[in-house]
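J.: Below is the structure, and that's it, no one-letter string:
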């Protein structure tokens, strides 16, 4: 079995992305943190997640984030499955986070996107309405 354990992300400032992730996932915690150097650049880093999955956040990112509306190579978004997507949207709204897209519902899933403005990172949340992989992965026909 293969399972994604973590993703390592570079941001200019850790705190805004950390605050968003902890609002989205109240059961997550900072697992570990420290200081390091990356190619001569000092960095603070931390692991935020649970006992199975985490994201590494590194500060001191330089340059503009990838334009999410463009076609440049790079990370488009990270997607997470959730139960109760409306409750997640409400929880994030109470913390001041607005979706960057409207809640969409297709045959077997609902999804919504949020963007952390300071880092340019986009997060997708998906609630599946079926256990059938064919239904979960079905996409509307492209015109």
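T.: Sure thing, it's come through. All values reported here derive from a predicted model rather than from experimental measurement.

J.: Only C-alpha atoms from now on, for both contacts and neighbour counts.
T.: OK.

J.: Now do the residue most central in space within the chain against residue 30, distance only.
T.: With distances taken as CA atoms, centre = their mean, residue 123 lies nearest the centre of the chain, 3.3 Å away. According to CA to CA, to the nearest Å, residue 123 and residue 30 sit 19 Å apart.

J.: repeat for residue 78
T.: Per CA to CA, residue 78 is found 19 Å from residue 30.

J.: Counting neighbours, go ahead and name the busier of these two.
T.: Ranked by neighbour count (other CA atoms under 10 Å), residue 78 and residue 30 place residue 30 first, with 15 against 12.

J.: Can you tell me the element the residue nearest to that one when sequence neighbours are not counted falls in?
T.: With CA to CA, 6 or more residues apart in numbering as the criterion, residue 30 has its nearest non-adjacent residue at 4.4 Å, and that residue is residue 48. Residue 48 belongs to strand 41-49 when assigned by DSSP states H and E.

J.: Retrieve the pLDDT associated with residue 143.
T.: On pLDDT, residue 143 comes in at 43.

J.: What's the first helix or strand after whichever strand or helix holds residue 124?
T.: Using DSSP H and E, residue 124 sits in strand 121-128. Following strand 121-128 in sequence order, the next helix or strand is helix 133-136 (DSSP H and E).
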